[in-house]
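**Q** sequence below, structure please.
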Amino acid sequence: MSKQKILMIEDEIDLAEVAKIGLEDAGYEVILAGDGETGVKKAREEKPDIILLDVALPGLMDGHEICKCLQEEDNKDIPIIILTASAVKEVEEESLMSGAVGFIKKPYDLNDLIKKIKRVI
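**A** Numbers count the residues shown, from 1 in each chain. Take a look at the predicted model:
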């Protein structure tokens, strides 16, 4: 059986690398993208089982716009979990309205993230 594939769209490279190591140790294949445009491209190419998506990203699209974009394409069946450092309730609401299936506040515990991933996929 092949490993489940996670696409992590996160501009904080250190955070993304630490998460990648932990998720790979848990048995997942992890693909990283540092901005929204690259993330959308990799989502189309790689067809991940789940996408972990930061809200605040460099470039033309933020996480909510990326989420909406992916929901309008062939990728609409790929669950998206939003990651954000924002404590504002509106950000969580907008994340869910843009099509995300879950929301995790940074900093997060890797074990909690893995539990959430398992529940979603």
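**Q** tell me which stretches of the chain form helices.
**A** Along the chain, the stretches classed as helices by DSSP state H are 13-25, 36-46, 63-71, 89-97, 110-120.
**Q** pLDDT averaged over the longest one, what's the number?
**A** Put plainly, it is helix 13-25. Mean pLDDT, computed over helix 13-25, is 96.
**Q** helices and strands around the lowest-mean-pLDDT helix or strand in the chain, which ones?
**A** Sorting the helices and strands of the chain by mean pLDDT, DSSP states H and E puts helix 89-97 at the bottom, at a mean of 84. In terms of contacts (3 or more CB pairs under 8 Å, 6 or more residues apart in numbering; DSSP states H and E), helix 89-97 is packed against helix 63-71, strand 80-84, strand 102-105. Yep, even glycine has a C-beta here, placed from its N, CA and C like the rest.
**Q** hmm, back to that, most tightly packed of the helices of the chain?
**A** Mean neighbour counts were compared across the helices of the chain using mean count of other CB atoms under 10 Å; the top stretch is helix 63-71, at a mean of 21.
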